[in-house]
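Chemist: Here's my sequence, what's the structure:
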Amino acid sequence: MSKSLKELVKPQPIIDEKLLTDAGFINSGRSKYQEMVRAFSEELFEKSVLVCEANNHETEREITGEHVNRATHIIYGKTIDKPDKWSVLFQIVELVLTAGAGVGASNLTETWGAITFGVCLAFAVMSFVVRNVVLKR
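Modeler: Numbering: from 1, shown residues only. You can find the predicted model right below:
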């Protein structure tokens, strides 16, 4: 039977301070860097074990690269292809303007309908271009 997470001895990363010094880290930078690497290492170790245990209830613990990768995503709170707030905003604006263009298109015989259709369609296209060209850079 595998040891529980609390019983496991966590590995400690070895950091060559000379390499940090050569890179320009001063005392406070070196100590903070080492502290953060150790904290991340400990958290990655724990999450990797937990992800493995969540997938394998009855078998011996075998932590794979996929378990470590999932643990990393959990730590960073990443979702796959998470859109930024501006992209979401421009998509909402695009949908509202498209609806406005639809209302205008339903009333093309009226002056206001033709104007609404043209203005909403033009701004919807601009919003689409900004979202798909400018923001994707």
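Chemist: Residue ranges of each domain in this structure, please.
Modeler: 5-76, 85-134 (automatic domain parsing).
Chemist: any chance of those domains in JSON lines, plus mean pLDDT?
Modeler: Below are the domains of the chain laid out as JSON lines (pLDDT from 0 to 100):
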{"stretch": "domain 5-76", "mean pLDDT": "88"}
{"stretch": "domain 85-134", "mean pLDDT": "93"}
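Chemist: Mean neighbour count, these: which tops it?
Modeler: domain 85-134 (a mean of 14; mean count of other CB atoms under 10 Å). For glycine as for every other residue, the C-beta is placed from the backbone atoms N, C-alpha and C.
Chemist: Now find how far off-centre that domain is within its chain.
Modeler: 29 Å (CA atoms, centre = their mean, to the nearest Å).
Chemist: Could you work out the end-to-end span of that domain for me?
Modeler: One end of domain 85-134 to the other measures 14 Å (CA to CA, to the nearest Å).
Chemist: Next: stretch 103-112.
Modeler: Taking CA to CA, the first and last residues of stretch 103-112 lie 10 Å apart.
Chemist: Mind listing residues that contact it?
Modeler: With CB atoms under 8 Å, 6 or more residues apart in numbering as the test, stretch 103-112 has contacts from Gly113, Ala114, Ile115, Thr116, Phe117, Gly118, Val119, Cys120, Leu121.
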